[in-house]
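K.L.:
What follows is a predicted structure for the sequence shown.
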Amino acid sequence: FQVKSENKKTIWNTEEVPEGSEFDDTWDPREKPEYEISFKQHVGTEDVFFGMTGKDPSTACCEDIVIKIKLPETKYSDITLDIQDKVLDLRTPKNKLLLHLPYPVNSKEGRARFLSEEEILEVTLRVSRKLEFINFS
């Protein structure tokens, strides 16, 4: 199998490199914080009582991903958060989390809040699905 490349000095094609691998850093000594991923779905009475919209409790019908990250002994000003379509990259002086997301997200519509009493960063991201108009119409 032969891979043709525009530049003869290239070692691999961009198709061969997994998405998000540019964030990997195996030599970073910072700890990976504990985190929890949950899914959120917007339902109304027509969903709960009548099942009119066809939504079910599966993740395929959820609109948002909520990620709760425990960051003990961390201040809000120390947090650096970068969201890409399939990758969440969080860095603090003590912790580093590179999380490949289960679904592609709209990185422009996300929101994050830091709950200082619980020392938890809560990130809510809108799931970006192709053919969403078919699934939720």
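P.N.:
Nice, I can see it.
K.L.:
by contact count, what packs against the longest strand belonging to the chain?
P.N.:
Longest strand of the chain, by residue count under DSSP state E: strand 105-115. For strand 105-115, the packing partners by 3 or more CB pairs under 8 Å, 6 or more residues apart in numbering; DSSP states H and E come out as strand 80-83, strand 120-127. Every residue, glycine included, has its C-beta placed from N, CA and C.
K.L.:
buried stuff in the first one?
P.N.:
Think strand 80-83. The neighbour-count check on strand 80-83 (16 or more other CB atoms under 10 Å) flags 81, 83 as buried.
K.L.:
for the longest one, same thing?
P.N.:
When neighbours are counted by 16+ other CB under 10 Å, the buried residues of strand 120-127 are found to be 120, 121, 123, 124, 125, 126, 127.
K.L.:
Any chance of TSV for those residues, columns pLDDT and distance to residue 106?
P.N.:
Formatted as TSV, these follow (pLDDT from 0 to 100; distance: CB to CB, whole Å):
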residue	pLDDT	distance to residue 106
120	96	23
121	96	19
123	96	13
124	95	11
125	94	7
126	92	5
127	90	8
